[in-house]
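output the structure for:
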Amino acid sequence: MACEAGTHPKDFWYMTLQENMLIIAHYRKRDKEQWNHTSSLMALYANSKASKGKRYSPDDFNPYSAQEKKDREPKTKQDINELINKNKSF
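The predicted structure follows:
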């Protein structure tokens, strides 16, 4: 991910792990901000073309919002047991 964020592979190996993690965090934050902007524009356009009664929100177009919503859902007992069994071998 550091290379996707614009770090040259040669520089990657000369930086510490902390420096690489900061670059990745900055990349993710910038990507989220760009998606917030893009999804707002997409919702504005979709609402201008939507039929009566149909409204869109920026969250309908933002992949980060969908993932955050999924992460906030309560986990079932079966999900927790699968996670425990998966990590037992670790």
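
please report phi then psi for the residue of the chain most remote from its centre.
With distances taken as C-alpha atoms, centre = their mean, the residue sitting farthest from the centre of the chain turns out to be Lys52, at 31.3 Å. Backbone torsions of Lys52, given as degrees, to the nearest 10, read phi -60, psi 140.

same check, this time on Trp13
Comment: the main-chain dihedrals of Trp13 come out as phi -80, psi -20, following degrees, to the nearest 10.

then Thr7?
For Thr7, the backbone dihedrals (degrees, to the nearest 10) come out as phi -80, psi 130.

in stretch 20-28, which residues are buried?
By neighbour count with 16 or more other C-beta atoms under 10 Å, stretch 20-28 contains the buried residues 20, 23, 27. C-beta: built from backbone N, CA, C; applies to glycine.

pLDDT-wise, what's the bottom of those residues?
Per-residue confidence over these reaches its minimum at Asn20, where pLDDT is 80.

Three-state assignment for it, please.
Classification of Asn20 into helix, strand or coil gives helix, according to DSSP: H, G, I helix; E, B strand; the rest coil.

beyond the helix or strand encompassing Tyr64, next helix or strand please.
Taking DSSP states H and E as the definition, one finds Tyr64 inside helix 63-72. Remark: after helix 63-72, the chain's next helix or strand is helix 77-88, criterion DSSP H and E.

so how far is Leu44 from the residue farthest from the centre of the chain?
Here the criterion is C-beta to C-beta, to the nearest Å. By it, Lys52 lies 17 Å from Leu44.
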